[in-house]
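Peer 1: here you go, sequence then predicted model.
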Amino acid sequence: MPHWLFIALSCIVSLSYSWELYDATGYGPVFEDQPVETIYPEESPEAKITMSCRARANPPATYQWRLNSRSIDLDGDNHYTQVGGDLVISNPIKNKHVGNYSCVATNDYGTVVSREAGVRFGYLDFFSSEEREAVHVKEGQGAVLLCAPPPHYPHELSFRWILNEFPIFITLDKRRFVSQTTGNLYISKVDLSDSGNYSCFVSSASIAKSVFSKFIPLVPLTERWKYPADIKVKFPDTYALVGQNVTMECFALGNPIPQIRWKKMNGELPSNHDVSMAGAHLHLYNVQYEDEGTYECEALNSKGKDWHRARVSVEAFPEWTESINSTEKDISSDYTMSCVASGKPKPHVQWLKNSYAYDKRDLRFSALTFKDSGMYQCIAENRHGVIYANAELRVIACAPTFEHNPVKWRILGAKNGRVVIECKPKAAPKPSFSWSKGTELLFNSTRVLIWEDGSLEILNVTEADEGRYTCFAENNRGKANSTGSLSITEATKITLAPSNADVTVGESTHMQCAASHDSTLDITFVWTLDAHSIDFDREGSHYERNLNGGSSGELLIKNTQLKHSGRYTCTAQTPVDNVTASANLVVRGPPGSPGGVRVEEIRDKSVRLIWSRGTDNHSPISKYTIQCRDSFSQEDWRDATTSPPDVEGNAESATVVDLFPWTEYEFRVIATNTLGTGDPSSPSPKVTTLEAVPVVAPSDIGGGGGTSRELTITWTPVQPQYYYGRNFGYIIAFKPRDGYEWRKVTVADPGAKHYVHKDPSILASTEFEVKVKAFNSKGEGPYSLMAVIYSAQDVPSKAPTSVGARALSATEAIVWWLPVTQHTVEGYQVRYWRKAEDSETSSQRVVVSSRENQTRLDNMRPDSHYLIEVKAYNAAGYGPPSQHLQIYTKKAPPSRPPKIISKKLKGTSVNIAWEHVEPLANESTIDGYKVLYRQASKSTGMLFTTGKRSIDLPMHKDGDYIVEVRAHSEGGDGAVAQIRISDSQPTLHPPPHPLSQSFSQSASQSEVSGPSPGFCNGL
């Protein structure tokens, strides 16, 4: 074959560096892996950075790297090596290798440039070694501990605070907050329990390093303060990107602890918001443009409130709305490459061809040439980022060929129908087309049309149109043809069409459909509802096909629902043609939900509600029901009271009455017809009724008691829904029962439950009349019922007399006294402490009722000098103390157990003998010995006392027994020695730890019970 003929029959394409025969398998570079932003820790043990780059290409791509848009000379810097497409930086140097890197991939079809990726060095220095000054703050005041993180990169850090020692971290709650912006620790109200040493713990996730500061002592001072909310953590004006999550911080100091509330000015908080950290964090998830606006944080306590506002501006990363794709175009044809990007600010768009800037702003090609082939890149950039779109444009020249897409060899057409025979050869430039039937050349007519793309259309075909059809294609590089055969079949016809139907929700119905068709062809029936195909697998509970022979496709509709209303279309189709027939189904049911619910004419106890009618679902609406819910019962919708009480079905507005003033409400509307009640509407926007004078008075007025010269008044606070307005509080009125003038005081805390009036002139147990009413910014409400209470009693004026005491043992004593005769005495307090070793403030205390005149003192120290005092007390406080009484506790009991030296069987008894216990110098003299004889499995037994050093005990036949021996003294019982007695022989046991209990010596033999070793306490 001559060379020129070969070229004429083949496609050619211009590659980057040569002319080549067209290769359908070749293509330009397409990135599969690109470099990413990299933070290299300065202290990294791995002394290298790897920047990834890999492109799919045929032939394979070669790679080159750029730093800050300049090519990297791999031979000129031994820190750089290239592995495949990856760039490896060994022993990176901060001032040399920081910058923006990009990868360039090239093959015969062109060149593309990757996105840029920065290399930065990450570090987190240590805190200063200077000591931190102590923070002294009064109890009840707020405190701020400054973190002052050390120099670092990147800027993102996380903060926690250590208390006293690592790893004990403070728990965050509504009182304590750590800002993740500054790292500072905020305590809204300092308690004495906050005393300790605090250290700021800083972590950088990017470089996996943490450091902590020197400890800061926090010293609370015992002086209580109350002060209004004061916001100390304020979120700044913030830029957020669409799709990102945003967290705003707000925290206030104050006592009582302030509550944090968030709102969006001129609108509702976004549905995608969340509040955490006891209100200190407002999170906005998946931010959208409509979330833009001004946000307010309000901090409130009973002493006052504070607020802060800042704006959230929403912008967007560049995003393609129209992009480019790889394509092949014929030589000399026209083509436009279009790139459109959205974003805020509006992105700037630029073009690259084979990695070089392309001069044209608008890529419109007229009469494409081979020089236009190559790799094109569209780059959109704003201040938030850069996006790339890559595409290969391949300009080809080719003689027509049907090798890959010949004309179909057999074409079927339905009688009297329309037939299209496609002709789509590969050719460049675009060829001209002609058609023939057999040897007859075809031309455009009213029944025959040759389309611009080469396809042949024949209308109203008959059997006379059967035959062989040939498509001819020709351009300036050659010509080709392809042939197919047309056969005519019988047309498909609907013989039984579906009929209109009318049903009620829950009923069943059917749609008929039958058709005739060519017997050589298969037929199928397809049903659609309002042009959407019915999925019989997914909706089998409602739809079923009733196939009655091959020519019928009846549709059964079961348990109809409102959604099944519409136009049903039956399509009977064969491989050649299709016909359709349609019918309407009406499903009657309860009405749909009303729409557009809004509130107008807002008053203190009523609003006017307006809505739009929903669908009646083919049955007239008979009435509407209005429902509401308020901010105090978020989940509970209840029927609202309306005026008039019944809302007719033709109404589109109603007045809702009997609402609470100054309460946030939302409303919804429900329609009803003869077939049932529909779904409720969407809730209306939330509205707040106007303020009004309160009408509910506090209840359960009472009081009395307290300390001397005080009048304590108590009540049950009014529930928040009855506040009816801002600045809610209470007015307390009181007077002596025989007085005429009421004294009034104001309490501004709506949650207050009591008021204490201090007056030196108030006599003890004086009868007072009291009443309480509520007020708000609109006025004062009614008084409560009047109650009678008494002022506080005086503290007892006399001290107990005839106080006496004696030591019972080394650790116990008993004290007694003559009662105080005053009837107001509620009980007595006994205090005792060691005279030399203890301070009076650290004394031990025992409290008994007024019915007692003695008590036991325990947990005393052996051989110690104690002082004892007794006071009477009542609700007003403690009376004067008795004179100090002095006693001495006994010396400690023997600490060493007796040593058992023999055990002898004597017929039916056993003799146990032991050595005398010699007490130490600081121990009590031995008065005798106690012997407990018990079954091994029990904790009770017989207790014997003896002055001898041996004892005879009866032998028993009912199992093993334990004998416990210990010395007894005035200081108590000493350490115990044990021996087990069994049928064979006695067995010695090591002594347990000494016990501190003392034991009775009132009898030589007694039965005792209690925990092992079996001794019990006694006087």
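Peer 2: Yep, it's here. Residues are numbered from 1 along each chain as shown.

Peer 1: and the helices in the stretch 1-150 of the chain?
Peer 2: In the stretch 1-150 of the chain, the helices defined using DSSP state H, counting those that start in this stretch lie at 3-8, 94-97.

Peer 1: can you flag the weakest of those helices by average pLDDT?
Peer 2: With a mean of 32, helix 3-8 has the lowest mean pLDDT of those.

Peer 1: so which residue of this structure lies furthest out from the middle?
Peer 2: What lies farthest from the middle of the chain is Gly907; by Cα atoms, centre = their mean that is 81.2 Å.

Peer 1: flag the shaky bits of the stretch 851-1000 of the chain, pLDDT-wise.
Peer 2: Scanning the stretch 851-1000 of the chain for pLDDT under 70 picks out the ranges 983-1000.

Peer 1: and stretch 969-976, how far out from the chain middle?
Peer 2: Mean-position distance between stretch 969-976 and its chain equals 63 Å (Cα atoms, centre = their mean, to the nearest Å).

Peer 1: so the spatially closest residue to Ile926 that is not a sequence neighbour: helix, strand or coil?
Peer 2: In space, Ile926 comes closest to Ala967 once its chain neighbours are excluded; the distance is 5.0 Å by Cβ to Cβ, 6 or more residues apart in numbering. Heads up, the C-betas are built off the backbone N, CA and C, glycines and all. Under DSSP: H, G, I helix; E, B strand; the rest coil, Ala967 falls in the strand class.

Peer 1: wait, Ala967 sits on Glu915?
Peer 2: No. Counting by Cβ atoms under 8 Å, Glu915 is not a contact partner of Ala967; they are 10.7 Å apart.

Peer 1: quickly list what's touching both of the two.
Peer 2: Pro898 (Cβ atoms under 8 Å, 6 or more residues apart in numbering).

Peer 1: more neighbours: those two, which one.
Peer 2: Taking neighbours as other Cβ atoms under 10 Å, Ala967 and Glu915 compare with Ala967 leading, 29 against 11.

Peer 1: in stretch 178-193, what counts as buried?
Peer 2: 178-179, 182-190 (16 or more other Cβ atoms under 10 Å).

Peer 1: those in strands, which ones?
Peer 2: 178, 185-187 (DSSP state E).

Peer 1: biggest separation within those, which pair?
Peer 2: Across these, no pair lies farther apart than Val178 and Ile187, at 10.4 Å, counting by Cβ to Cβ.

Peer 1: got the contact list for Tyr740?
Peer 2: Tyr740 sits next to no residue when contact means Cβ under 8 Å, 6+ apart.

Peer 1: how much space separates it from Lys938?
Peer 2: Applying Cβ to Cβ, to the nearest Å, the value for Tyr740 to Lys938 is 76 Å.

Peer 1: quick one: Val647 and Lys605, what's the gap?
Peer 2: In terms of Cβ to Cβ, Val647 sits 18 Å off from Lys605.

Peer 1: ok, the two, which is more surrounded?
Peer 2: More neighbours surround Val647 than the other of Val647 and Lys605, with 20 against 15 (other Cβ under 10 Å).

Peer 1: biggest strand in the chain, by residue count?
Peer 2: strand 304-322.

Peer 1: to the chain's geometric centre, what's the distance from it?
Peer 2: 21 Å.

Peer 1: what is that strand packed up against?
Peer 2: strand 227-234, strand 238-241, strand 246-255, strand 293-301, strand 340-344, strand 374-382, strand 385-401 (3 or more Cβ pairs under 8 Å, 6 or more residues apart in numbering; DSSP states H and E).

Peer 1: tell me the average confidence for the shortest one?
Peer 2: The predicted model gives strand 238-241 an average pLDDT of 90.

Peer 1: within its sheet, name the partner strands of that strand and how each one runs.
Peer 2: Paired with strand 238-241 in the same sheet, following DSSP bridges, are strand 304-322 (parallel).

Peer 1: just the angle for the strand it pairs with relative to strand 340-344, thanks.
Peer 2: 170 degrees (axes from the mean of the first three to the mean of the last three Cα atoms, to 10 degrees).

Peer 1: quick one: mean pLDDT for strand 304-322?
Peer 2: 91.

Peer 1: buried residues in it?
Peer 2: So strand 304-322, judged by 16+ other Cβ under 10 Å, has buried residues 305-306, 308, 312, 314-318, 320.

Peer 1: alpha carbons only: can I get that strand in PDB?
Peer 2: Extracted in PDB, the C-alpha atoms of strand 304-322 (Å, rounded to 0.1, in the frame of the first residue of the first chain):
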ATOM      1  CA  GLY A 304     -27.100  41.600  87.100                       C
ATOM      2  CA  LYS A 305     -26.300  40.700  83.500                       C
ATOM      3  CA  ASP A 306     -23.800  41.400  80.800                       C
ATOM      4  CA  TRP A 307     -23.800  40.800  77.000                       C
ATOM      5  CA  HIS A 308     -21.500  40.700  74.100                       C
ATOM      6  CA  ARG A 309     -22.100  40.700  70.300                       C
ATOM      7  CA  ALA A 310     -19.900  39.900  67.400                       C
ATOM      8  CA  ARG A 311     -20.500  39.200  63.700                       C
ATOM      9  CA  VAL A 312     -20.100  35.900  61.900                       C
ATOM     10  CA  SER A 313     -19.300  36.500  58.200                       C
ATOM     11  CA  VAL A 314     -19.700  33.500  55.900                       C
ATOM     12  CA  GLU A 315     -17.400  33.100  52.900                       C
ATOM     13  CA  ALA A 316     -16.600  30.200  50.700                       C
ATOM     14  CA  PHE A 317     -13.700  28.200  49.300                       C
ATOM     15  CA  PRO A 318     -13.600  28.200  45.400                       C
ATOM     16  CA  GLU A 319     -15.900  25.600  43.900                       C
ATOM     17  CA  TRP A 320     -16.500  24.700  40.300                       C
ATOM     18  CA  THR A 321     -19.900  25.300  38.900                       C
ATOM     19  CA  GLU A 322     -18.700  24.600  35.400                       C
END
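
Peer 1: after it comes which helix or strand?
Peer 2: strand 327-330 (DSSP states H and E).

Peer 1: which strands and helices sit next to that following strand?
Peer 2: strand 385-401.

Peer 1: in what helix or strand does Glu156 lie?
Peer 2: Assigned by DSSP H and E, Glu156 belongs to no helix or strand.

Peer 1: ok, it - contacts?
Peer 2: Glu156 neighbours (Cβ under 8 Å, 6+ apart): 204-206.

Peer 1: narrow those residues to those that are buried.
Peer 2: Among the contacts of Glu156, those classed as buried by 16+ other Cβ under 10 Å are 204, 206.

Peer 1: which ones among the contacts of Glu156 lie within strands?
Peer 2: Reading strands off those with DSSP E, I get Ser204.

Peer 1: from the contacts of Glu156, pick the one nearest Asp630.
Peer 2: Ala205 (44.5 Å).

Peer 1: can you tell me how far that closest one sits from Pro154?
Peer 2: In terms of Cβ to Cβ, Ala205 sits 9 Å off from Pro154.

Peer 1: residues near Leu157, how many?
Peer 2: If we define neighbours as other Cβ under 10 Å, then Leu157 has 19 of them.

Peer 1: and it, how far from Lys214?
Peer 2: To Lys214, Leu157 is 18 Å away according to Cβ to Cβ.

Peer 1: with Pro150 instead?
Peer 2: 12 Å.

Peer 1: and for the two, which residues touch both?
Peer 2: Taking Cβ under 8 Å, 6+ apart as the criterion, Pro150 and Lys214 both touch 127-128.

Peer 1: which stretches of the stretch 101-250 of the chain have low pLDDT?
Peer 2: Low-confidence segments of the stretch 101-250 of the chain (pLDDT under 70): 223-225.

Peer 1: that's all I had, so thanks and see you.
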